[in-house]
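Asks: Quick check, what structure comes out for this input:
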Amino acid sequence: MTEQAFKDRTKQYALRIIRLTESLPRGRLASVIGRQLLRSGTSVGANYRAACRGKSRADVIAKLAIVEEEADECLYWMELLIDSGLVPEHRITDLMQEGDEIVAMTVASIKTLRKNQ
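Replies: I've put the predicted structure just below:
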C-alpha cells in the first residue's frame, strides 16, 4: 500500500470513528468512552502523517509506534462499547476489522524498518 493510500485509509477510519461517536446514545458512560475513542481514532491518521515526515528512521519508527498504540486503543474502546451494551457488536464489526488491519500493517512496517536499520 502506498503512503498516500494509507493516509487516505487512516483519514477514512477517523471519519468513521467520528460518525460512530456522534451516534452514541446520550449519557455519561457513552460520553466518556466516546471522547476517548474520538481522541484515539482521530490521532491514528494524524500520527501516521507525522511519521511520513519523520527526520530519521528512528523518528519514523517512534511515530509509527504511536500509530500502533492509538489504533489498538481504539479497539479497546470499541470493545467497551460492545461489552457495556452501548453499541451492538454487529454495528461496529467492520470498523473493528479496519482497526485490526491498521494495527497489523503498522506493526509490519515497524518490523520492516527495524530489520533494515
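Asks: mind listing what the residue nearest the centre of the chain touches?
Replies: Against the mean C-alpha coordinate of the chain, by C-alpha atoms, centre = their mean, the closest residue is A71 at 2.9 Å. Neighbour list for A71: 40, 44, 99, 102-103, 106 [criterion: C-beta atoms under 8 Å, 6 or more residues apart in numbering]. C-beta: built from backbone N, CA, C; applies to glycine.
Asks: what about I33, helix or strand, and which?
Replies: helix 28-52 (DSSP states H and E).
Asks: neighbouring contacts of that helix?
Replies: 3, 6-7, 10-11, 13-14, 17-18, 20-21, 24, 60, 63-64, 66-67, 70-71, 73-74, 77-78, 80-81, 84, 86, 102, 106.
Asks: The same query, at a cut-off of 6 Å, please.
Replies: For helix 28-52, the external contacting residues (C-beta atoms under 6 Å, 6 or more residues apart in numbering) are 3, 10-11, 14, 17, 21, 24, 60, 63-64, 66-67, 70-71, 73-74, 77, 80-81, 86.
Asks: got it, and stretch 1-12?
Replies: Contacts of stretch 1-12 (C-beta under 6 Å, 6+ apart): 44-45, 48, 52.
Asks: where do the helices sit along this structure?
Replies: For the chain, applying DSSP state H gives helices covering 3-23, 28-52, 57-83, 89-115.
Asks: Put together JSON lines for these, with mean pLDDT on each row.
Replies: Output for these, formatted as JSON lines (pLDDT from 0 to 100):
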{"stretch": "helix 3-23", "mean pLDDT": "98"}
{"stretch": "helix 28-52", "mean pLDDT": "98"}
{"stretch": "helix 57-83", "mean pLDDT": "98"}
{"stretch": "helix 89-115", "mean pLDDT": "97"}
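Asks: Name all residues that make contact with E68.
Replies: E68 touches 103, 106, counting by C-beta under 6 Å, 6+ apart.
Asks: Please determine how far it is located from A62.
Replies: Separation of E68 from A62 (C-beta to C-beta, to the nearest Å): 11 Å.
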